[in-house]
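J.: attaching a predicted model along with its sequence, questions to come.
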Amino acid sequence: LLLGLLSDTDPTVQQSALQAAAAAQFPAAWPIVISALARAETRSQATKTLLAGADSALPYLEAAFSDPSLDPQVGAGISTVLQRSGGLPAIAILEQHIQHPDCRLRNRVLAGLAHCGYQVRSDEQAVIAEKQLEKEAHEIAKIVAAQVDLGQESQLFLISSMLQQTKRLHTDNIFFLLSFFSETEVILTAWEVLQSDRFDGQKKAYAIEALDILLDQSHRKYLPFLQEWNAQQSFSALEKYFPQVLMGLEQRLTSLLTAAPEDSARRARICAAYSLGLLGHKELADCILATAVSFSDDPLLVETALYSLDQLEYPLDMIATSKPVLASAISFWQKRNWQELTTLQKIEILKRVKIFSHLPLEILERIAGLLVDTWLQTDAPLIHKGDPGDRLYIIVHGQLRVHIAYQIYDTLHPGEVVGEMTLLDGQPR
């Protein structure tokens, strides 16, 4: 009965079943409880249930974490459970995934180990951590070179933001890995100071100085990764240990577009396809098309590629005939409402809004699917005082006046948000 309730499609029933599973400690239930980490409605209770399961749940957590088809959300949830569990068995599971190929999941693993106070104790452990340090550093160096190549073009906002966010993940990973070799608390305190806007330049300089004293000679080469420099300064500072070749704008975007099919490469590929359309590089249209064909099972990439090919005035009817794998997507694209924004256009709008700017592409993709375009005539009302607070609005074009009768209190412009507070507290406007 419990297994059936745990698999129920009603979140309320599932919540109750998860609470019961915490008390029952029924081994057959653990795989279903772990799968509940994938859904926002059940993630919190599933975490509590697994923590209550203590040692009996650990073998199932270990098996799930080692599954090649692991859902990233489940992996992140498992990392949280293991971090909060602490203890040698939980640390041993996390340790197996120090080199996990998914950057975001690896970040959760390394953060979990760091906050558990993990330290390398053997030559084998040290070699694994050192190799991963080198890998993180090379990934950052590649991103810095890409940032130099891309420059400050306004049309490249989305891909530049994505690269900066990925760079931040790799930088955090370097901090966590360094903490495995030295005083964990000092390293993590320095990390908190350097990554936060709450501390001024002087305190950040003290944090760098503390790291310079604390790190051994072989690890000081990572200090430039921790500095708040622009792309060109970082590129110059990294040249000694992590040299990279600059390509120029077009070749860099082409390189990102055709990169190997890894998790972080997907984000770069989609943004590169979008950027090429905005920049009007017609000579690279064939490259965009070839990428769409190669990754025709990725709806967001295909939609973005078709948008860019349209921008570049590429004959889509001819593609539908010569590339049948894209025929249905092209048919759907040509029937769409042309006033409606594409998914990536919506993601770019979200990325420019402060409350969404820190979110990764995958989360923004889900939120973009919830957005509905709203068009208003001049002077038409959008919301009234007392309306239900069940949505927020992002201004894309035009302006909004906030007024009561003829008294104007504020004027809102593109990129600003209205209604976010009532959406959070559920009160009428």
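T.: Cool, the structure landed.
J.: so Gly389 sits in a strand?
T.: No. Secondary structure of Gly389 (DSSP: H, G, I helix; E, B strand; the rest coil): coil, not part of a strand.
J.: helix, strand or coil for His403?
T.: His403 ends up strand, using three-state DSSP.
J.: give me the number of residues near it?
T.: Around His403 there are 12 other residues, counting by other CB atoms under 10 Å. The way it works is simple: take the backbone N, C-alpha and C, and place the C-beta from them, glycine included.
J.: numbering from 388 from now on, please.
T.: Got it, first residue is 388 now, which makes that one His790.
J.: for it, report the pLDDT, please.
T.: Here, the pLDDT recorded for His790 equals 82.
J.: check contacts around Lys554.
T.: Taking CB atoms under 8 Å, 6 or more residues apart in numbering, we find Lys554 in contact with Ile527, Ile530, Val531, Gln534.
J.: now, of those, which are buried?
T.: Ile527, Ile530, Val531, Gln534 (16 or more other CB atoms under 10 Å).
J.: from the residues you listed, which land in helices?
T.: Of the positions in these, Ile527, Ile530, Val531, Gln534 sit in helices, assigned by DSSP state H.
J.: what would these look like in CSV with pLDDT and distance to Cys658?
T.: Output for these, formatted as CSV (pLDDT from 0 to 100; distance: CB to CB, whole Å):
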residue, pLDDT, distance to Cys658
Ile527, 95, 18
Ile530, 95, 13
Val531, 96, 17
Gln534, 96, 13
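J.: just give me the closest of the buried ones among the contacts of Lys554 to Asp697.
T.: When the buried ones among the contacts of Lys554 are compared for distance to Asp697 (CB to CB), Gln534 wins out at 28.1 Å.
J.: now the closest one: how far from Gly802?
T.: Per CB to CB, to the nearest Å, Gln534 is found 23 Å from Gly802.
J.: with Gly635 instead?
T.: Noted for Gly635: a distance of 30 Å to Gly802, by CB to CB.
J.: what about Tyr701, which SS state?
T.: Judged by three-state DSSP, the three-state class of Tyr701 is coil.
J.: in contact with it: list those residues for me.
T.: Lys669, Ala672, Leu676.
J.: now do 6 Å
T.: Applying CB atoms under 6 Å, 6 or more residues apart in numbering to Tyr701 gives the contacts Ala672.
J.: below-threshold pLDDT in the chain: ranges please.
T.: 388, 650 (pLDDT under 70).
J.: now the strands for it?
T.: For the chain, strands defined by DSSP state E occupy the ranges 780-781, 787-791, 794-799, 804-805.
J.: return the most buried member of those strands.
T.: Most buried of the strands of the chain, by mean neighbour count (mean count of other CB atoms under 10 Å): strand 780-781, with a mean of 19.
J.: check the buried ones among the contacts of Lys554 and tell me the two furthest apart.
T.: Ile527 and Gln534 (10.3 Å).
J.: and for Arg607, the neighbour number?
T.: When counting by other CB under 10 Å, one arrives at 13 neighbours for Arg607.
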